[in-house]
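> 3D model of this:
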Amino acid sequence: MVWAVGGLAVAAGIGSALLTTVGSPVWGVVLAVLFGLLALAATAFGLFAVRRSPPQLINAVTLGRATVRPVDDWVHFCRERPVRVWSVLWLTLTGLGSGVLLGLAMPGVLGASGGLWWLFLFVPLLALCFVPVGAGMLQLVLDRKNTSFGRIPVGLTLSRHGVARYLVAGVRWVPWETISGVEAQIHSRVSIRRIGGAEPLEFTAGVFEQDAVLVYCAVRFYIEHPELRKELSTIVAQRRFESWDRALSLR
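Numbers count the residues shown, from 1 in each chain. Prediction:
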């Protein structure tokens, strides 16, 4: 799917350049916009086409700075996906490619009768071209910051005593006993509700290397089955997650 949409984007880009060259700048603008939309679609399809894996059973000390003893020695870690080079390239190509194609079409369009009115279209379109380029560069900066030496790994952990969200700024720890429920929202958004007026723990399950359904089901399963939480931080729960991952891969 990624390559099919990407091929259509490339075809739209070539068509835009040819039409602009032979004197059809208006259609060149249309195809330039179509190129940008298809390139963004290729990036989006690629993000959801990543092969998922089960959570990792790792020693919790590796997730911190070894200054404080973790509550549980072993945790099931759901790691955030690292930035992939092809996604940054597609975002950069989306912005720069669309900008160049619009630039090629601009002289012909502005030179036509009433062409100055097209400035109201060109200016916002050219401004939008900087958005995907900036998003691609931001991904590289954040990836370098999150994975450089001495940084806390970014992700989510499940263990016998609770759920923790590891961020660059620190860790948000939520014990199982304080959780009242969990709900899934649009775009793989998961919210772990807490007893009383405590702030819920919210995160986007779709950004992890694990299937979003698996992450949600894992949290919900151990909320609804407190008697089985003792198997967390052990190979028993790890095998359970691996079996769920195999079942989800057959969808």
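
> nearest residue to Asp245 other than its sequence neighbours?
Pro54 (4.1 Å; CB to CB, 6 or more residues apart in numbering). From N, CA and C alone the C-beta is placed, and that goes for glycine too.

> ok, the one you found to Leu214 distance?
Separation of Pro54 from Leu214 (CB to CB, to the nearest Å): 7 Å.

> what is in contact with those two at once?
Both Pro54 and Leu214 are in contact with Phe241, Trp244, Asp245, where contact means CB atoms under 8 Å, 6 or more residues apart in numbering.

> just among those residues, which is most surrounded?
Neighbour counts for the shared contacts of Pro54 and Leu214 (other CB atoms under 10 Å) peak at Phe241, which has 23 neighbours.

> so that one touches Cys217, yeah?
No: in terms of CB atoms under 8 Å, Phe241 does not count as a neighbour of Cys217; the distance is 9.5 Å.

> where's the residue nearest to Gly155 when sequence neighbours are not counted, which helix or strand?
Nearest in space to Gly155, with sequence neighbours left out and distances taken as CB to CB, 6+ apart, is Arg79 at 4.3 Å. Here Arg79 sits within strand 74-79, counting by DSSP states H and E.

> now swap in Phe241 and tell me
Assigned by DSSP H and E, Phe241 falls in helix 235-249.

> may I see the buried residues of that helix?
Neighbour-count burial for helix 235-249 flags Ala237, Gln238, Arg240, Phe241, Trp244, Asp245, Leu248 (criterion: 16 or more other CB atoms under 10 Å).

> domain ranges for this protein?
The record's domain split for the chain, according to automatic domain parsing, is 2-49+82-147, 56-80+154-249.

> comparing the ones you listed, which yields the minimum mean pLDDT?
Mean pLDDT is lowest for domain 2-49+82-147 out of the domains of the chain, coming in at a mean of 62.

> which stretches in this structure count as helices?
With DSSP state H applied, the chain shows helices at 2-21, 25-48, 85-111, 119-147, 212-224, 235-249, listed in chain order.

> who does the nearest residue to Arg172 once chain neighbours are set aside bridge with?
Nearest residue to Arg172, sequence neighbours excluded (CB to CB, 6+ apart): Arg165, at 4.4 Å. Arg165 has the following beta-bridge partners by DSSP bridges: Leu156, Arg172.

> quick one: Arg165 from Thr234, how far?
22 Å.

> compare the two (neighbour count), which wins?
Neighbour count, other CB under 10 Å: between Arg165 and Thr234, Arg165 has more, with 18 against 14.

> what's near enough to touch that one?
Gly155, Leu156, Val171, Arg172, Val174, Leu201, Phe203.
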